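**Student:** Got a sequence here, can you model it:
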Amino acid sequence: KRLSEVEIYIYFLDSLFFIALTFGILHTHLMETKRFILRPYQNSDLEAIFYNWANDDEVTKYLTWPTHKSLEDTKQILNIWLEEEKKTVTHRFCIVPKGEDKPIGAIDIPCMHDNIPEIGYCLSRKYWNQGIMTEVCHAYIDYLFSIGYTEIIICADERNIASNRVIEKCGFTFTLKETKICSSFKPYEVTVNCYKITK
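**Tutor:** Next up is the predicted model:
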């Protein structure tokens with residue numbers, strides 16, 4: 001039996017969809033841990049992002065971006081993220097406790113190094129010291145490996161003892177200590193510990 005043009009077209013679309021799933025081009029599922037759902041951002045997350053972590057000097061202390069001073073600051077960056085999500089794969093997820101709908105933190109890939117992803121994360125201060133980032137980071141590592149990456153790196157300010165501990169608990173191996181400019185938003189020198197993990 002010869003396939004009709006419609007059947008061929010449907011088969012073609014199904015094949016594209018399968019390829020997209022295989023290579024992580026589509027966010028078709030949510031990541032889930034014992035206590036949390038990791039999902040892409042939504043417009044409704046604006047206030048939660050600002051009030052839960054972006055406006056907190058203690059949370060942003062060791063990050064590459066400065067504390068947000070107003071909801072407008074957060075709105076601008078959230079709009080950029082949402083537009084990027086429409087155009088390409090960002091692997092940017094917010095952390096939402098099960099049974100709730102407001103994010104308490106985030107995990108993503110802020111940059112790539114020769115096709116090796118570097119993980120970044122942040123978490124609301126009131127949820128620190130509860131094993132949350134270790135739990136979430138484990139799931140995120142598994143996700144990145146599942147879509148084809150075989151090596152992942154991560155760096156943390158050497159003064160950020162808690163973050164360095166999370167990284168070690170997640171199985172990363174220390175590779176080097178590096179002093180560099182923090183970022184264009186924070187143009188001063190910081191010393192970071194760099195780690196990697198391989199599949």
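**Student:** can you tell me how far the residue minimising distance to the centre of the chain sits from Asn129?
**Tutor:** Computing the C-alpha centroid of the chain and ranking residues by Cα atoms, centre = their mean puts Asp108 first, at 1.4 Å. When distance is defined by Cβ to Cβ, to the nearest Å, Asp108 is 22 Å away from Asn129. Every residue, glycine included, has its C-beta placed from N, CA and C.
**Student:** Need the three-state assignment for the residue nearest to the centre of the chain.
**Tutor:** Following DSSP: H, G, I helix; E, B strand; the rest coil, Asp108 is assigned to strand.
**Student:** any idea how far the nearest residue to it once chain neighbours are set aside lies from Lys177?
**Tutor:** Distance criterion Cβ to Cβ, 6 or more residues apart in numbering; nearest residue to Asp108, sequence neighbours excluded, is Arg92 at 4.0 Å. Distance, Arg92 to Lys177, using Cβ to Cβ: 28 Å.
**Student:** same deal with His68?
**Tutor:** With Cβ to Cβ as the criterion, His68 and Lys177 are 30 Å apart.
**Student:** all strands of the chain, in order?
**Tutor:** 31-32, 36-39, 93-97, 105-113, 116-123, 151-157, 173-181, 189-198 (DSSP state E).
**Student:** is it true that the residue nearest to Asp108 touches Ala106?
**Tutor:** Yes. Counting by Cβ atoms under 8 Å, Arg92 touches Ala106, with 7.2 Å between them.
**Student:** between the two, which one's more packed in?
**Tutor:** Ala106 (23 against 19; other Cβ atoms under 10 Å).
**Student:** Which one's more surrounded, His68 and Lys177?
**Tutor:** His68 (20 against 11).
**Student:** low pLDDT regions in the protein?
**Tutor:** 1-29 (pLDDT under 70).
**Student:** If we use 90, what do you get?
**Tutor:** 1-30, 85-90 (pLDDT under 90).
**Student:** Number of residues surrounding the residue nearest to Glu47 when sequence neighbours are not counted?
**Tutor:** Spatially, and ignoring its direct neighbours in sequence, Glu47 is nearest to Leu71 (6.9 Å; Cβ to Cβ, 6+ apart). Neighbourhood size, Leu71 [other Cβ under 10 Å]: 16.
**Student:** now swap in Thr33 and tell me
**Tutor:** 17.
**Student:** from the strands of the chain, which stretch is densest packed?
**Tutor:** The highest average neighbour count among the strands of the chain, using mean count of other Cβ atoms under 10 Å, belongs to strand 93-97 at a mean of 22.
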